[in-house]
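**Student:** quick check, what structure comes out for this input:
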Amino acid sequence: MRGPAPLRVEQVLRLLPDVDALMPLRRYLVSSSQAQPATEPHRTVGKRHVQPGDLRDFIPQAIATATAHLRALYESAVVAIEAEQVGDFPDVVRALLRAGKCEQEVGRFAQARVWYDHALGVAEGLRERGPEIEALHHLGELEAERDQVDAAGRLFERTFRLAEAELDQEHAARACLGMADLAREQHRWQGAEAWYKRGLGFAERDPVRGGFLLIGLSDVARARGLLDVAALHLDKAREQFAQSAYGEGVVHTLNARALLAAETGRNDEALTLWREGLAELFGHGGERKLEMTVRVNMCQLLLDWGRLTETEDEVRRAEERAIVLNQNRQLARLYVIMGKLRGMQNDDTGFVFFEKAIELCQGASVLTRLEAEIYREYAHFRQRLGDREEAMAYLGRAKEILETAGDATLLASVDSELRELPTH
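**Tutor:** Alright, predicted model coming up:
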């Protein structure tokens, strides 16, 4: 006798409050869900299925995961107290930062911010500036991950000024990289180039950091059409990574080389480079975020190339990996690609992908800038189908988000699109 039919993921998630205590269980039910046979062309993660009995079997593991996390936080708290007892206040700061990092790594951004702020408060009362520099940098990286562009920029700049004054080359280089990456993401190429070059001056003894700075310079040169310069930067980045034991540097370089190949229409070469990068990652248990970055880039190229059937096949493979790896940011980007693909097919039911992408940005780990980008693409989808009023509404929503997140460049683009939207 067959048991009850499995439930859809969206049904189960509606029953589970989005609270920290249930985070491991929510993530497990999504990552362990199963796709049904391809009878739903507009299927998203919420339409996958899960057996409640499987969740019951996961309870011991979920409790163990939560206990290990809590143990790490308590351990950091006790270390901080012990350091206070012996007057080692820099170690107090380091212990608090470890706890914050522990929270950040599992997506508990609000809790991470509390730990980091507490560490900064202690650090600011010390004579030595090293702990304060470290705390500011952690806060900058957190705000950058949360898409809070203005806040991240202010924190990285404070980090840089202090590190430069203290002759702390490591943190000066890290802050330069943070500032440059923010500028690059906003297409402020001149500012990005200046910060990348400045960072290289502080990274002479740090080949890994130097490699990332050179890849950043390559991205800027590629965006400006200086393709030979971009290739030279990548050659130097490869040399930098070769000096270190950082194996994933090869994959970062291959990803950048693939983007460069795609820029010049060498699409087959680009795909070959990305696949080589994925093989390299699987060879030594690679970084989840990097794998998904490569996969999303492959999907975007196939879409831009107009190879729609291949795009859908590649997106579905990437979707499966994103779900298993709990990579919601990149899963949202994949659904945007699927929505754009449906728009190119004049299929108005593609809206389901944009709606799911927006939903993925609104959980416990809010991704504001990405949400704004999705609303912008959603507006383009609606405009393509002739829905001017909805396109205007979605651009307006993107504008509201960007005004609070702080991204002047993207905000200016959205304002321009609002002004240029056809009146009929």
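**Student:** doesn't residue 126 lie inside a strand?
**Tutor:** No - under the criterion used here (DSSP: H, G, I helix; E, B strand; the rest coil), residue 126 is coil, not part of a strand.
**Student:** which other helices and strands does the helix or strand of the chain with the lowest mean pLDDT contact?
**Tutor:** The weakest-scoring helix or strand in the chain, judged by mean pLDDT, DSSP states H and E, is helix 23-31 (a mean of 81). Here helix 23-31 is seen to pack against helix 9-15, helix 52-85, helix 308-324 when contacts are counted using 3 or more C-beta pairs under 8 Å, 6 or more residues apart in numbering; DSSP states H and E. Using the backbone N, CA and C atoms, a C-beta is placed for each residue, glycine as well.
**Student:** which positions within the helix or strand harbouring residue 297 qualify as buried?
**Tutor:** Residue 297 is part of helix 288-305, with elements assigned from DSSP states H and E. By neighbour count with 16 or more other C-beta atoms under 10 Å, helix 288-305 contains the buried residues 290-303, 305.
**Student:** pLDDT (mean, whole number) over that helix?
**Tutor:** For helix 288-305, mean pLDDT rounds to 95.
**Student:** which strands or helices does that helix pack on?
**Tutor:** helix 249-263, helix 267-283, helix 308-324, helix 328-344.
**Student:** need those helices in CSV (columns: distance to residue 413 and mean neighbour count).
**Tutor:** Output for the helices and strands packed on helix 288-305, formatted as CSV (distance: least, C-beta to C-beta, whole Å; neighbours: other C-beta atoms under 10 Å):
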stretch, distance to residue 413, mean neighbour count
helix 249-263, 20, 22
helix 267-283, 26, 17
helix 308-324, 25, 18
helix 328-344, 16, 23
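**Student:** now render those helices as TSV, adding distance to residue 212.
**Tutor:** Listed next are the helices and strands packed on helix 288-305 as TSV, based on distance: least, C-beta to C-beta, whole Å:
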stretch	distance to residue 212
helix 249-263	7
helix 267-283	16
helix 308-324	23
helix 328-344	19
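**Student:** okay, now the unreliable bits of the protein?
**Tutor:** The chain contains residues with pLDDT under 70 at 1-3, 36-39, 284-286, 363-367, 406, 423-424.
**Student:** spell out which residues make up each domain of the protein.
**Tutor:** 1-36+44-87, 327-424 (automatic domain parsing).
**Student:** and of the ones you listed, who's closest to residue 180?
**Tutor:** When the domains of the chain are compared by C-beta to C-beta, domain 327-424 sits nearest residue 180, at 14.4 Å.
**Student:** and the closest one, how far from the chain's centre?
**Tutor:** 17 Å (C-alpha atoms, centre = their mean, to the nearest Å).
**Student:** I figured residue 96 hits residue 119, correct?
**Tutor:** Yes - in this structure residue 96 lies within contact range of residue 119 using C-beta atoms under 8 Å: 3.7 Å.
**Student:** which SS class is residue 17?
**Tutor:** coil.
**Student:** hmm, I typed the wrong one, I wanted residue 394.
**Tutor:** Judged by three-state DSSP, the three-state class of residue 394 is helix.
**Student:** in this protein, which residue is most central in space?
**Tutor:** residue 329 (5.7 Å; C-alpha atoms, centre = their mean).
**Student:** how close does it sit to residue 57?
**Tutor:** Note on residue 329: its distance to residue 57, by C-beta to C-beta, to the nearest Å, is 29 Å.
**Student:** CA atoms only: put stretch 82-101 into CSV for me.
**Tutor:** Extracted in CSV, the C-alpha atoms of stretch 82-101 (Å, rounded to 0.1, in the frame of the first residue of the first chain):
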residue,chain,number,x,y,z
GLU,A,82,39.0,34.7,29.7
ALA,A,83,41.0,37.2,27.6
GLU,A,84,39.3,40.1,29.5
GLN,A,85,40.3,38.4,32.7
VAL,A,86,44.0,38.5,31.8
GLY,A,87,43.8,41.9,30.2
ASP,A,88,44.3,40.7,26.6
PHE,A,89,41.8,43.0,24.9
PRO,A,90,43.0,42.4,21.3
ASP,A,91,42.2,38.7,21.9
VAL,A,92,38.7,39.8,23.2
VAL,A,93,38.1,41.4,19.9
ARG,A,94,39.4,38.5,17.9
ALA,A,95,37.1,36.1,19.8
LEU,A,96,34.0,38.3,19.2
LEU,A,97,34.9,38.5,15.5
ARG,A,98,35.2,34.7,15.2
ALA,A,99,31.7,34.5,16.6
GLY,A,100,30.4,37.0,14.1
LYS,A,101,32.1,35.2,11.2
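**Student:** how about that stretch: buried residues?
**Tutor:** 83, 89-101.
**Student:** of all pairs in those, which one is the farthest apart?
**Tutor:** The distance between the two most remote of those (C-beta to C-beta) is 18.9 Å, for 89 and 101.
**Student:** what's residue 47 in contact with, if anything?
**Tutor:** Going by C-beta atoms under 8 Å, 6 or more residues apart in numbering, residue 47 touches 8, 9, 10, 36, 40.
**Student:** rerun at 10 Å
**Tutor:** Residue 47 sits next to 8, 9, 10, 33, 35, 36, 40, 352, 356 when contact means C-beta atoms under 10 Å, 6 or more residues apart in numbering.
**Student:** wait, the first one sits on residue 51?
**Tutor:** In this case it means residue 8. No - with contact defined as C-beta atoms under 10 Å, residue 8 does not count as touching residue 51 (11.6 Å).
**Student:** give me the common contacts of those two.
**Tutor:** Overlap of the contact sets of residue 8 and residue 51 (by C-beta under 10 Å, 6+ apart) consists of residue 33.
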